[in-house]
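Q: Sequence plus the predicted model coming up.
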Number of protein chains: 2
Amino acid sequence: MTLLGERTEGGRLRAEHAGETVRLLGWIQRRRDHGGVIFADVRDRSGLVQAVFNPDMPGEGFARAERLRSEYVVSIRGRVRLRPEGSENGSLATGEVEVVAESLDILNRAKTPPFYIEDDLDVDETLRLKYRYLDLRRPEMQEILMIRHRVTQIMRNFFDAHGFLEIETPMLIKSSPEGARDYLVPSRVHPGEFYALPQSPQIFKQLLMVSGLEKYFQIVRCFRDEDLRADRQPEFTQLDVEMSFVEPEDILPLMEELIALIFAGTTDRQIKTPFPRLTYREGMERFGSDKPDIRFGLELIEVGDLVAETEFKVFANAVAKGGRVKGLCAKGAAGLPRREIDGLVEFVRTFGAKGLAYIVLTQEGVKSPIAKFFTQEQLQALLKRMGGKTGDILFFVADKEQVVFDALGHLRLELGRRLNLIPAGVLNFLWVTEFPLLEYDESEKRYVAIHHPFTSPMEEDLPLLATAPQSVRAKAYDLVLNGVELGGGSIRIHRREVQERMFQLLGLSREDAESKFGYLLEAFEYGTPPHGGIAFGLDRLIMLLTGKDNIRDVIAFPKTQSAADLMSQAPSAVSAKQLNELHLKTDIVRAKIG
Amino acid sequence: MTLLGERTEGGRLRAEHAGETVRLLGWIQRRRDHGGVIFADVRDRSGLVQAVFNPDMPGEGFARAERLRSEYVVSIRGRVRLRPEGSENGSLATGEVEVVAESLDILNRAKTPPFYIEDDLDVDETLRLKYRYLDLRRPEMQEILMIRHRVTQIMRNFFDAHGFLEIETPMLIKSSPEGARDYLVPSRVHPGEFYALPQSPQIFKQLLMVSGLEKYFQIVRCFRDEDLRADRQPEFTQLDVEMSFVEPEDILPLMEELIALIFAGTTDRQIKTPFPRLTYREGMERFGSDKPDIRFGLELIEVGDLVAETEFKVFANAVAKGGRVKGLCAKGAAGLPRREIDGLVEFVRTFGAKGLAYIVLTQEGVKSPIAKFFTQEQLQALLKRMGGKTGDILFFVADKEQVVFDALGHLRLELGRRLNLIPAGVLNFLWVTEFPLLEYDESEKRYVAIHHPFTSPMEEDLPLLATAPQSVRAKAYDLVLNGVELGGGSIRIHRREVQERMFQLLGLSREDAESKFGYLLEAFEYGTPPHGGIAFGLDRLIMLLTGKDNIRDVIAFPKTQSAADLMSQAPSAVSAKQLNELHLKTDIVRAKIG
């Protein structure tokens, strides 16, 4: 029998195991000496259990126990017994029992670790990342990796049961940056040429549909060389799905079923399906967001028609110039100190709003710097539309449409937090549909794709491609949970002429389109079925499942915001031989040497 | 109801479905007109079924059917009926039935493809790779991808059931080439520095053991920038496994169980376990190979002791100089023409042998250029040892040990093929154990690791590390199937001092060891459990399961031997902007421009 063959997971021992002989394999969490007896908590993946070493142990056992220190690796044979009355430890799952050691082998020693191996650690993240292998010894980190494993198992078994094939797509692909920046990989065999690491398997999964494979999925690593935000990593994992002959109605319910399975399989949460749906337009008008948090109300209210003819020029002019005026009614917030209101004025400025008008409805009547510009009738109409009652504050922004949405959308979230409007423990899923296909990028002076260049326009909007591209809606959909985008997808373009028109709108010359995407355009000519799909960010899903707000906590070996691995010190300088073989030179190395 | 929701997989229709109304979605395989009626075979992932279009179809159906060509994408509603007697097609699974179309929609048209979409295609592989999305429409290619999916599902469910966690390790790692060449990825944020793509997750999986995660697996992409052989790809997929507290006895039986499950789940083959085991030494002595094909005998036979004192100087001198003399007895091969024997002499030269001696045992007696150098007693002793009977040929090589093994090992395989000794349809699995830890590389003038630098020496050989490193055996094992290496692994070093000694033997300076692997050495000091693991090449396993001898046939989007993707034209030149952002210059681009 091998060590592992005889092994008992210590963390699973309970009163019912008293009397059994067990072998523990694990790490010493801590050692205490008490009345000539040595006690040690032994930790393994399953948890902690207390081992007891008596001076009358056979052989060298006790002498070895005296040398034990934290994080020593041990093999202990012993007998489980109930702890003496009064010495039970209610805070430990194994607290009713202990293992009386009959033999002890020290499998490896340990230096004192740079931080304690325990949850709720208060230590600099830099140190945790440098010693990631110690950080991952902590039960909460192991729990996250177990949940992550469970989620991918559930996904794979789900798609397998639904007839999907997991098909691996290449990692060394052609660079065709459209959106984010590619990571490049120099080719040695073709000097001066480069591969790119995939930002997603988008084109390959579409080609698998051209191949007639019909139902594809993959849990796959993707790469983006972008300046990192707190919730981004240079390499990230995506659940990637594509199906042929589909409409959104085939994809959305399937994903809802999967999400419900994942939550049921890893938490005790029952997720109600189907999820509500909102068009992009509705999301913007009601919540000022394309990923609305619908856990609370505080919706944006249209007042443009009521203020267009008033003496308040800020409002009237906005409407006259084709802009919008919308408001929020913050219930019971009339007591908000003036200082805090001023803070909110500053807050909306960061989203481009030139100002934030407000009306406080106090017991003593309306208090507002703008009330004097309205007639009594106009004011009453406004209060009525806004649903304003004594004790409320009304906020208004008048500006270009996008600024109104953006400023009020963020103000809504901010007020939701400040006024404690967001119920704890609620999971509100939402599909957002009918996204615009394109938006105009002022800096690049061209249209850019909101999802990606392969997203299909809605049939009924096809004529607008020629006349009003910015009004064309896409067959695109995002899944939003509590205001966070979990994933998104679309029905794809499957005709060459539409794809060419799209590239043209995005400012790609015919030559560029041909050299970057010619093989896809050609593939479309050989009998391409209608197809569509979706992708979910796995890391973000695990964050939501485990309640973590740091993406690095849900990845075994993450990178910092400067894309570095603090443990292994990657990236690093490489040898001149390596660079010569690739026919590469870097300015920087020369500068360092020179 | 959506298109897909109503859909019937045409390839599954049988006589029992006659009378049912179905909707087919698929591709036109071919169209025939016969007696004013149009027949078309409709292909989807499930197979082919015949559709019939009568001129009296409602609406535009028949007019559309007249426009059908191969590879058009169609949606057909119709009724299943038994084919008229005499028109059944026995070569088609659906050959008893046909679908009488009631409506036809053409979902997309198709140009004439560059090759037929059918199995046993006789077309240049270059064309297949350029139009990979069409090549993947062929049933045999789809079958391979389905088996590949099934294999990874079986693996994942197997490891999950055994308490393993699938944990993702990074793709952007530190370059520490030791063996093969790394693919490099320039860093933009840290100009002049590079990541490497992993050749395997070796160090990360060991660190997960340091973390106490105990049982890890991953199906993971790996990369090697090497000149490619026929069965290699620059990116390949590996099943990667690691466990703590283990001996080979924990790992080998587990892998046998997995292999048996995979064969049972994807073929009708029952695999008998446990697999036989052979030490490396025994493999070399008996088969001249570290991956012996044990489907047939023809073992190498020791004759050094018998020839040491003979007059045949070639043999006697070899023994005197510490070399070896071994032979093969090719049963019933006495009739081999002289020309073919001469060919075998040439054959062994390619493996470094200076010659190939032989003795033909004919009805008329011994015929051999070397017989005259032996006394009658010596010759009889030799024939007896070799088991030579009338009708056999005996072959001998005398040389340095490694040359004898190599030449006779390959001669054995060659004779096995020529003499039809290899039984068809047999799967002979074999573990090879106790590999040497190191071999001396004459060109680099240093020892190199046979498996990798993290492999543990056998305990009993530890003292030899100082005195005779080349004699140290490793706790390493390979799984061999029919003479092909399927995978391999080892128990790892888990003590800093042993790992440092190993790096030293490999010629790494203390500084180099520290800068490349310092974090691993440090990790070993914080309580590292004994651990070990194994890795299998997934691509090669799928080749063996599907009987393919071309690795490109088991990968959806493979690369050529010059590491190019002929479909998308990767690698390719990138923009000056991309290179500038990375602070990179290449000689080649300048040369092309200048």
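A: Yep, that arrived.
Q: Flag every residue of the stretch 1-150 of chain A that's near chain B.
A: Within the stretch 1-150 of chain A, the positions near chain B by C-beta under 8 Å from any C-beta of the partner chain are A:2-5, A:7, A:25-27, A:43-45, A:71-73, A:75, A:107-111, A:113, A:131-134, A:136-137, A:142, A:145-146, A:148-149. To be clear about C-beta, it is placed using only N, CA and C from the backbone, and glycine gets the same treatment.
Q: and with 6 Å instead?
A: Applying C-beta under 6 Å from any C-beta of the partner chain, we find that the stretch 1-150 of chain A lies next to chain B at A:2-4, A:25, A:27, A:45, A:71, A:73, A:108, A:110-111, A:113, A:133, A:136-137, A:145, A:149.
Q: Show only the entries of those residues found in strands.
A: A:Leu25, A:Trp27, A:Val73, A:Asn108 (DSSP state E).
Q: ok so, going back, would you mind checking the residues of the stretch 1-150 of chain A next to chain B for buried ones?
A: A:3-4, A:25, A:27, A:45, A:71, A:73, A:108, A:110, A:113, A:133, A:136-137, A:145, A:149 (16 or more other C-beta atoms under 10 Å in any protein chain shown).
Q: where's the residue nearest to A:Phe312 when sequence neighbours are not counted relative to A:Val303, distance?
A: Nearest residue to A:Phe312 in three dimensions, chain neighbours excluded: A:Phe373, at 3.6 Å (C-beta to C-beta, 6 or more residues apart in numbering or on different chains). Separation of A:Phe373 from A:Val303 (C-beta to C-beta, to the nearest Å): 14 Å.
Q: Look at the two and report which has more neighbours.
A: Between A:Phe373 and A:Val303, A:Val303 has the larger neighbour count (other C-beta atoms under 10 Å in any protein chain shown), namely 21 against 18.
Q: shouldn't the more buried one be in contact with A:Arg324?
A: No. At 9.2 Å, A:Val303 does not count as touching A:Arg324 under the criterion of C-beta atoms under 6 Å.
Q: who touches A:Val314 in this structure?
A: A:Ala398 (C-beta atoms under 6 Å, 6 or more residues apart in numbering or on different chains).
Q: Output the host helix or strand of it as CSV, nothing but the C-alphas.
A: Using DSSP states H and E, A:Val314 sits in helix A:313-320. C-alpha atoms of helix A:313-320 as CSV (Å, rounded to 0.1, in the frame of the first residue of the first chain):
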residue,chain,number,x,y,z
LYS,A,313,-32.7,78.5,-20.8
VAL,A,314,-30.3,75.6,-19.9
PHE,A,315,-33.2,73.2,-20.3
ALA,A,316,-35.0,75.0,-23.2
ASN,A,317,-31.8,75.4,-25.2
ALA,A,318,-30.8,71.8,-24.8
VAL,A,319,-34.1,70.7,-26.2
ALA,A,320,-34.0,73.3,-29.0
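Q: mind listing what's buried in it?
A: Buried residues in helix A:313-320 (16+ other C-beta under 10 Å): A:Val314, A:Phe315, A:Ala316, A:Ala318, A:Val319.
Q: quick one: contacts of the helix or strand following it?
A: Counting by DSSP H and E, the element after helix A:313-320 in chain order, helix or strand, is strand A:324-330. In this structure, residues lying in contact with strand A:324-330 by C-beta under 6 Å, 6+ apart are A:298, A:300-304, A:307, A:315, A:318, A:386-388, A:392-396, A:398, A:401, A:404, A:408, A:412, A:415.
Q: And for stretch A:472-485?
A: A:248, A:291, A:293, A:295, A:428-435, A:437, A:451, A:455-458, A:461, A:464-465, A:486-488, A:490-491.
Q: Filter the residues you listed down to the buried ones and hand me the ChimeraX line.
A: Burial among the contacts of stretch A:472-485 is assessed by 16+ other C-beta under 10 Å; the matching ChimeraX selection reads:
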select /A:248,291,293,295,428,429,430,431,432,433,434,435,437,451,455,456,457,458,461,464,465,486,487,488,490,491
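Q: now, which of the contacts of stretch A:472-485 lie close to chain B?
A: Among those, none lies close to chain B by the criterion of C-beta under 6 Å from any C-beta.
Q: mind listing which of the contacts of stretch A:472-485 are in helices?
A: Cross-referencing the contacts of stretch A:472-485 against helices under DSSP state H gives A:Pro248, A:Leu464, A:Leu465.
Q: of those residues, closest to chain B?
A: Among the ones in helices among the contacts of stretch A:472-485, A:Pro248 lies closest to chain B (C-beta to the nearest C-beta), at 9.1 Å.
Q: Show the contacting residues for the closest one.
A: A:Pro248 neighbours (C-beta under 6 Å, 6+ apart): A:Tyr477.
Q: quick one: it from A:Leu207, how far?
A: A:Pro248 is 22 Å from A:Leu207, by C-beta to C-beta.
Q: which residues in the stretch 251-400 of chain A form helices?
A: A:280-287, A:304-307, A:313-320, A:338-349, A:376-386 (DSSP state H, counting those that start in this stretch).
Q: Return the per-residue confidence for A:Cys329.
A: Here the pLDDT value assigned to A:Cys329 is 97.
Q: That one pairs with what?
A: A:Leu394 (DSSP bridges).
Q: Could you check how far it is from chain B?
A: 41 Å (C-beta to the nearest C-beta, to the nearest Å).
Q: Any idea how many residues pack against that residue?
A: 22.
Q: do the same with A:Ala573
A: 17.
Q: who touches A:Ile551 in this structure?
A: Going by C-beta under 6 Å, 6+ apart, the list of residues near A:Ile551 reads A:Asp231, A:Asp539.
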